[in-house]
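S.K.: Here is the input, now give the coordinates:
(4 chains, ligands or ions: 4)
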Number of protein chains: 2
Amino acid sequence: MPPSGSPISPSIASRLHDHNHCISTAMETAQRICSDNGVRLTQLREQVLRLIWQSHRPLGAYALMEMLAEQSTRRVAPPTVYRALEFLLEQGLIHRINTLNAFVGCTHPQGDHDNNFMICEECGVAIEFCTEKIQHDIKDSAAQFNFTIKAQSIELVGLCQACTGNKDE
Amino acid sequence: MPPSGSPISPSIASRLHDHNHCISTAMETAQRICSDNGVRLTQLREQVLRLIWQSHRPLGAYALMEMLAEQSTRRVAPPTVYRALEFLLEQGLIHRINTLNAFVGCTHPQGDHDNNFMICEECGVAIEFCTEKIQHDIKDSAAQFNFTIKAQSIELVGLCQACTGNKDE
DNA sequence: AAAGGTATGTTATTATATAACACTATCTTT
DNA sequence: AAAGATAGTGTTATATAATAACATACCTTT
Ligand SMILES: [Zn+2]
Ligand SMILES: [Zn+2]
Ligand SMILES: [Zn+2]
Ligand SMILES: [Zn+2]
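M.R.: Ligands and ions are numbered 1, 2, ... in the order given. Coordinates of the predicted model:
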């Protein structure tokens, strides 16, 4: 398990990265995790995960549904998608972005980790990050209030590196 | 303007506090802020704000709608509520809790401030908190990615002090 | 093959939010 | 006071997101 404090490669933020590598890594990791957990990464679930991983932009359930419908002959209804999403969330393979009502692939799905995102409102990319410092401070604040944390969601909305640059020009 | 790092009175977390004081303070502050900003706190907007302030539990737009309908003779449709909510959000008098699709009164609506909540999944109370440390670390992380923050949402879901105690018994 | 559990299909419904246009109240200018 | 502009609200319809309930298919074990 990698140290939870290590920042995720910022190269994801850049638009120039080997995204095929992101996809293949994600799919392989997913297979392994499901196998380890004794659960089945069925065709549908695999298909949904792959669609989500087509980019680093969170996808809404209904967008996902349409993409599924295009790929297959069978009709696809909301529960089909939502059940797959629920499964992937449970296995920690994707995250839900509350600000967007959308879902994005997890970039480090091994072990427990926080759920912190920077979301670019220009290009739509969501960058997952996690730092021990923030996590420490949050635990600290919670302790002050005697609050027991069960889940957390940190979402920063703004402009990513590339889009900040574009705005300046 | 109070120092933004000072923690909000934890007494809100306790169920035993003078909530009438919360309400009257909130309504007076709202009047002043609207007056300062040169905008109108109309009857409807005042009514919605007061309903939101009936507790520290975030309220959904449709719950709010029903409460409005009970209070008045006229029919109340979604846009009525959403426009009032939009106004109150713009003036910084309320916050939207993304995790719940619900709205809660702001406990320190003066000046810019963060948007950090601890939400008790047992009693439904949302406690607004803000600390300079977290804010500093967040800016730090964003800087690492050259990310420009425009808005942020930190939501911790779990058990508040009172409800943690109850669970232990 | 039968049984039990897991996964998916199907239909209907609930929950949340916005678009578009009409009308009214309030403010500004004359 | 009257006219015009702006802001606020009413009204209808619709978009978007999520779940409930039940039927069917699939997979594993006996
Ligand atoms: Zn990638
Ligand atoms: Zn993750
Ligand atoms: Zn109170
Ligand atoms: Zn606030």
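
S.K.: quick one: the strands in chain A?
M.R.: Remark: strands assigned in chain A by DSSP state E are A:94-97, A:102-105, A:116-120, A:126-129, A:148-159.

S.K.: any chance of these in CSV, plus distance to B:E28, mean neighbour count and mean pLDDT?
M.R.: Yep, even glycine has a C-beta here, placed from its N, CA and C like the rest. Converted to CSV, the strands of chain A look like this (distance: least, C-beta to C-beta, whole Å; neighbours: other C-beta atoms under 10 Å in any protein chain shown; pLDDT from 0 to 100):
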stretch, distance to B:E28, mean neighbour count, mean pLDDT
strand A:94-97, 37, 22, 97
strand A:102-105, 39, 24, 98
strand A:116-120, 36, 25, 96
strand A:126-129, 40, 22, 94
strand A:148-159, 31, 19, 96
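
S.K.: buried set for stretch A:133-147?
M.R.: Within stretch A:133-147, the residues scored as buried using 16 or more other C-beta atoms under 10 Å in any protein chain shown are A:I134, A:Q135, A:D137, A:I138, A:S141, A:A142, A:F145, A:F147.

S.K.: Quick check: the second one vs A:D114, distance?
M.R.: Pointing back at A:Q135 there. 6 Å (C-beta to C-beta, to the nearest Å).

S.K.: now do the first one
M.R.: Taken as C-beta to C-beta, the spacing of A:I134 relative to A:D114 amounts to 8 Å.

S.K.: What parts of chain A come near DNA strand C?
M.R.: Proximity of chain A to DNA strand C, by C-beta under 7 Å from any atom of the strand, involves residues A:39-40, A:42-45, A:74-80, A:83-84, A:87.

S.K.: Can you pick out the most distant pair from those residues?
M.R.: Greatest spacing in the residues of chain A next to DNA strand C, by C-beta to C-beta: A:V39 and A:R75 (25.9 Å).

S.K.: Could you list the low-pLDDT ranges of chain A?
M.R.: Per-residue confidence for chain A (pLDDT under 70) gives these ranges: A:1-15, A:166-169.

S.K.: Helices of that one, residue ranges please.
M.R.: For chain A, the helices defined by DSSP state H cover A:19-37, A:43-52, A:61-71, A:78-90, A:132-144, A:161-168.

S.K.: between the residues of chain A next to DNA strand C, which is nearest A:F103?
M.R.: A:A84 (10.0 Å).

S.K.: For that closest one, give me its contacts.
M.R.: Listed by C-beta atoms under 8 Å, 6 or more residues apart in numbering or on different chains, the contact set of A:A84 reads A:L44, A:R45, A:V48, A:L49.

S.K.: picking up where we left off before, hey, what's in contact with both of A:I134 and A:D114?
M.R.: Contacts common to A:I134 and A:D114, judged by C-beta under 8 Å, 6+ apart, are A:I154.

S.K.: Verify the stated contact: A:G124 with A:R57.
M.R.: Yes - between A:G124 and A:R57 there is a contact at 4.0 Å, judged by C-beta atoms under 8 Å.

S.K.: and for those two, which residues touch both?
M.R.: When C-beta under 8 Å, 6+ apart defines a contact, no residue borders A:G124 and A:R57 alike.

S.K.: With respect to burial, which of the helices of chain A scores highest?
M.R.: Mean neighbours per residue, mean count of other C-beta atoms under 10 Å in any protein chain shown, is largest over these for helix A:43-52, with a mean of 19.

S.K.: what helices or strands is that one leaning on?
M.R.: Applying 3 or more C-beta pairs under 8 Å, 6 or more residues apart in numbering or on different chains; DSSP states H and E, one finds that helix A:43-52 makes contact with helix A:19-37, helix A:61-71, helix A:78-90, strand A:102-105.

S.K.: Next one: the third one, is it in contact with DNA strand D?
M.R.: Read it as helix A:78-90. Yes - judged by C-beta under 7 Å from any atom of the strand, helix A:78-90 and DNA strand D are in contact via A:P78, A:P79, A:Y82.
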